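Engineer: no sequence on this one, just coordinates:
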């Protein structure tokens, strides 16, 4: 259960200040949340299907087969205000 000391620490971490009414309300809500989490701990998951072992994880940064390489960067940037620094291109604005 949450106590007053933990609630005081939580207020400091969250940079909030609660009056007595809201402190009591928050303590009750946190107690309900912790009670619910305790109930979740009791759920048996021994025979639950572990899908993470059955699916192949693919690289989200993979090269897409339909993507074509475009070498003419200067043409792309000809109508856009931009700066080039090292290997980076900084677009100043695209809305103006």
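Structural biologist: On my side now, so go ahead. In this text, all values refer to a predicted model and were calculated from it rather than measured experimentally. Numbering: from 1, shown residues only.
Engineer: For the rest of this, base every contact and every neighbour count on C-alpha atoms.
Structural biologist: Fine.
Engineer: May I ask which helix or strand of the chain has the lowest mean pLDDT?
Structural biologist: Across the helices and strands of the chain, mean confidence by mean pLDDT, DSSP states H and E is lowest for helix 51-54: a mean of 65.
Engineer: Residue 40 sits in which helix or strand?
Structural biologist: helix 20-41 (DSSP states H and E).
Engineer: Need phi/psi at residue 71.
Structural biologist: phi -90, psi -20 (degrees, to the nearest 10).
Engineer: Low-confidence ranges, the protein, go.
Structural biologist: 1, 51-60, 93-96 (pLDDT under 70).
Engineer: so how far is the helix holding residue 40 off the chain centroid?
Structural biologist: Distance of helix 20-41 from its chain centroid, counting by Cα atoms, centre = their mean, to the nearest Å, is 24 Å.
Engineer: got it, and stretch 67-75?
Structural biologist: 32 Å.
Engineer: and residue 23, how far is that from residue 39?
Structural biologist: 24 Å (Cα to Cα, to the nearest Å).
Engineer: ok, now residue 77?
Structural biologist: Taking Cα to Cα, one finds residue 77 at 57 Å from residue 39.
Engineer: With residue 4 instead?
Structural biologist: Residue 4 is 23 Å from residue 39, by Cα to Cα.
Engineer: same thing with residue 92?
Structural biologist: 52 Å.
Engineer: same question, residue 80
Structural biologist: 57 Å.
Engineer: more neighbours, these two?
Structural biologist: residue 80 (13 against 10; other Cα atoms under 10 Å).
Engineer: close enough to count as contact, the more buried one and residue 91?
Structural biologist: Yes - using Cα atoms under 8 Å, residue 80 is in contact with residue 91, at 7.2 Å.
Engineer: Could you report the neighbour count for residue 7?
Structural biologist: Neighbour tally, residue 7, other Cα under 10 Å: 17.
Engineer: need the contact list for it.
Structural biologist: 23, 27 (Cα atoms under 8 Å, 6 or more residues apart in numbering).
Engineer: again, but for residue 92
Structural biologist: Residue 92 sits next to 80, 81, 82, 83 when contact means Cα under 8 Å, 6+ apart.
Engineer: Appreciated, that's everything.
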